[in-house]
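1. what would the 3D arrangement of this be:
(one chain, ligands or ions: 1)
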Amino acid sequence: MKKETIHPAKYLTGGLEMPGDKSISHRYAMLAGLAEGVSELRHFSAAADCHSTLRCMSALGAEVKIAKNLVRVTGRGPRGLKSSWRALDAGNSGTTMRLLAGILAGQEFSSRLTGDESLQKRPMRRVIAPLREMGADIRGRDDNFAPLEIRGAKLKAIDFKMPMASAQVKSAVLLAGLFAEGETIVTEPARTRDHTELALEVFGAPVEKHGRTIRVHGLGLGNGTGKLSAKSLEVPGDLSSAVFFIAAASLLPDSNISIHNVGLNPTRTAILDLFVSMGASIQMLGLKGTQGEIIGDLAVKGASLKGGVIAGEQIPLVIDELPMLAALGPYSEEGIEIRDAAELRVKESDRIAALAENLRRMGATVQERPDGLKVEGRRAGKLRGAEIEPRGDHRIAMAFAVAALGAEGLTVIRDSECARVSFPDFYKELERLAER
Ligand code: S3P
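-> Modelled structure (predicted):
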């Protein structure tokens with residue numbers, strides 16, 4: 001297993017680009033596979049997760065050609081996918097498994113959907129239940145875990161009031177809705193990322209949004225055109241990846257970096273508001289719209305972070321950013337407290353436990369709770385370098401590589417390659433920008 005050694009840094013300086021947004025890349029790849037004709041997806045994510053989605057779409061009959069970050073997908077039309085003789089492998093990617101389950105539920109064939117050890121431990125009942133209500137026959141281990149056997153069926157539309165705020169669950173039902181008879185309605189209890197709704201519209205699906213309710217017509221009926229059209233699209237840079245660099249620049253006072261072409265969709269930018277409310281210096285520049293999404297540059301300078309409490313409706317909007325925020329706790333004045341985030345326990349790892357363990361290894365004072373954690377601020381003492389065990393979780397590895405920049409002494413990230421799941425060049429880019 002590869003290890004990465006992180007030395008403390010004085011500051012970060014320079015400019016960089018992020019890989020294409022992971023959430024958007026998954027959705028474009030799936031919809032391009034369901035569209036008729038050749039879609040061109042530029043700046044497609046380099047993340048291993050999105051390449052799992054491409055492999056699944058290819059196994060289902062879409063033609064996928066990859067030239068660096070340009071991906072061409074020849075779609076087979078909404079009724080043109082074919083069954084895969086081997087199990088579809090979502091790797092480490094919850095988004096691949098949950099969204100694809102929605103698509104497979106509406107096919108006229110059966111599929112087996114599996115993933116790595118971590119993904120096989122993550123709850124799938126949240127998508128199995130509504131897809132079953134729509135008429136699909138889905139079986140999983142203990143009725144909750146992959147591998148999933150999905151016997152597609154003629155689906156019926158449902159009016160689904162989501163019991164939890166999850167973009168993946170919302171998306172699974174909306175994608176299944178494309179294959180249902182009638183109008184599928186999904187209402188979310190709190191706002192979550194809306195990339196599926198935007199992408200459906202771009203590819204020509206009949207979708208409408210009012211507040212927290214989204215309606216999609218089955219492609220066979222209603223006012224739908226009956227098909228999706230191939231598109232030429234640019235994927236914005238991944239804001240969730242940019243957050244590691246925003247955090248690194250913020251924690252080292254003399255830093256000055258710019259991050260170009262980042263996705264700034266309002267359902268993702270709560271993290272920037274949160275950083276700014278804690279005292280970070282972040283400027284958004286050159287905003288422009290691109291097929292429903294927004295792209296811009298971020299200029300970030302070092303600052304003194306106040307810290308604070310993150311809870312309630314804020315949680316789903318910053319869910320992927322919580323590991324980085326928690327790991328910044330010891331560098332903040334008041335510390336960081338995270339509440340109402342039990343969902344973190346069923347991400348790529350039990351992130352609450354992984355954060356508490358590794359923060360303690362670096363000498364932080366941490367209280368672990370069922371739904372979050374409280375990390376003491378600067379007064380509790382400076383962090384010291386340590387061996388970090390990321391538990392195979394990309395965001396834990398990256399969060400501690402950043403925390404290591406401000407610590408005393410060297411930090412070693414074990415199994416550092418797990419960062420490839422979302423950001424293959426992460427350590428190289430961090431090293432390039434760090435001044436010592
Ligand atoms: C994602 C939704 C979120 C997020 C994940 C990506 C998506 O998961 O944590 O990394 O692309 O829809 P949940 O919907 O389960 O909260």
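2. excluding its backbone neighbours, what's nearest residue 334?
-> Distances taken as C-beta to C-beta, 6 or more residues apart in numbering put residue 307 closest to residue 334, at 4.0 Å, once the chain neighbours are dropped. In this view, the C-beta of every residue, glycine as well, is placed from N, C-alpha and C.
3. quick check: residues of the stretch 51-200 of the chain near the ligand?
-> 95, 166, 167, 168, 171, 193 (C-beta under 6 Å from any ligand atom).
4. and residue 111, which of the three is it?
-> Classification of residue 111 by DSSP: H, G, I helix; E, B strand; the rest coil places it in strand.
5. low-confidence ranges in the stretch 101-250 of the chain?
-> Residues of the stretch 101-250 of the chain meeting the criterion pLDDT under 70: 221-225.
6. would you map the strands across it?
-> 110-114, 137-141, 145-151, 155-156, 159-161, 180-181, 183-187, 207-210, 213-217, 232-234 (DSSP state E, counting those that start in this stretch).
7. quick check: residues of the stretch 301-436 of the chain near the ligand?
-> Within reach of the ligand by C-beta under 6 Å from any ligand atom, the stretch 301-436 of the chain has these residues: 319, 320.
8. compare the residues of the stretch 51-200 of the chain next to the ligand and tell me which is most surrounded.
-> Neighbour tally across these (other C-beta atoms under 10 Å): the maximum, 29 neighbours, falls on residue 171.
9. hmm, back to that, which one of the strands of the stretch 101-250 of the chain lies nearest to residue 382?
-> Nearest to residue 382 among these is strand 145-151 (41.7 Å), distances taken as C-beta to C-beta.
10. now for the closest residue to residue 355 other than its chain neighbours, how many residues are close by?
-> Distances taken as C-beta to C-beta, 6+ apart put residue 326 closest to residue 355, at 4.7 Å, once the chain neighbours are dropped. Neighbour count for residue 326, taken as other C-beta under 10 Å: 32.
11. with residue 23 instead?
-> Neighbour count of residue 23, defined by other C-beta under 10 Å: 28.
12. ok, now which ones touch it?
-> For residue 23, the contacting residues are 95, 167, 193, 195, by C-beta atoms under 8 Å, 6 or more residues apart in numbering.
13. give me the mean pLDDT for the strand or helix carrying it.
-> Using DSSP states H and E, residue 23 sits in helix 22-34. Across helix 22-34, pLDDT averages out at 98.
14. following it, which helix or strand comes up?
-> Per DSSP H and E, helix 22-34 leads on to strand 36-42 as the next helix or strand towards the C-terminus.
15. if we can go back for a sec, closest to residue 417 among the residues of the stretch 51-200 of the chain next to the ligand?
-> Each of those was scored against residue 417 by C-beta to C-beta, and residue 95 proved nearest at 20.2 Å.
16. need the contact list for that closest one.
-> 22, 23, 26, 49, 53, 168.
17. list the contacts for the third one?
-> Pointing back at residue 26 there. 49, 50, 53, 93, 95, 96, 99.
18. which among these gets closest to residue 400?
-> residue 49 (20.1 Å).
19. need the nearest residue in space to residue 60, chain neighbours excluded.
-> Closest residue in space to residue 60, ignoring its immediate chain neighbours: residue 81 at 4.5 Å, by C-beta to C-beta, 6+ apart.
20. likewise for residue 407?
-> Nearest non-adjacent residue to residue 407 (C-beta to C-beta, 6+ apart): residue 383, at 4.1 Å.
21. and what of residue 429?
-> Per C-beta to C-beta, 6+ apart, closest to residue 429 is residue 16, 5.5 Å.
22. if we can go back for a sec, gap between the helix holding residue 23 and the chain center?
-> 13 Å (C-alpha atoms, centre = their mean, to the nearest Å).
23. just stretch 295-312 next, same as before
-> 19 Å.
24. that stretch - what's its average pLDDT?
-> On average, stretch 295-312 scores 98.
25. can you map out the helices along the stretch 301-436 of the chain?
-> Using DSSP state H, counting those that start in this stretch, the helices of the stretch 301-436 of the chain run over 314-317, 322-328, 351-361, 394-405, 426-433.
26. tell me what angle the helix holding residue 23 forms with strand 36-42.
-> 160 degrees (axes from the mean of the first three to the mean of the last three C-alpha atoms, to 10 degrees).
27. near the ligand at all, helix 22-34?
-> Yes: Helix 22-34 lies within reach of the ligand by C-beta under 6 Å from any ligand atom, at residue 23.
28. before we move on, the earlier item: which one, of the helices of the stretch 301-436 of the chain, ends up nearest to residue 178?
-> helix 314-317 (24.0 Å).
29. which residues are in contact with the closest one?
-> Residues outside helix 314-317 that contact it (C-beta under 8 Å, 6+ apart): 165-167, 190-192, 267-268, 270-271, 274, 322, 338, 340-341, 343.
30. can we see that at 6 Å?
-> By C-beta atoms under 6 Å, 6 or more residues apart in numbering, the surrounding residues in contact with helix 314-317 are 165, 190, 192, 270, 340, 341.
31. out of the residues you listed, who's nearest residue 208?
-> Nearest to residue 208 among those, counting by C-beta to C-beta, is residue 192 at 17.3 Å.
32. neighbours of the closest one, how many?
-> For residue 192, using other C-beta under 10 Å, the count is 23.
33. just checking, it touches residue 168?
-> No: look at residue 192 against residue 168 with C-beta atoms under 6 Å: they stay out of range, at 8.7 Å.
34. need the strands of the stretch 101-250 of the chain in TSV (columns: mean neighbour count).
-> Output for these, formatted as TSV (neighbours: other C-beta atoms under 10 Å):
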stretch	mean neighbour count
strand 110-114	19
strand 137-141	16
strand 145-151	20
strand 155-156	18
strand 159-161	16
strand 180-181	20
strand 183-187	21
strand 207-210	14
strand 213-217	22
strand 232-234	18
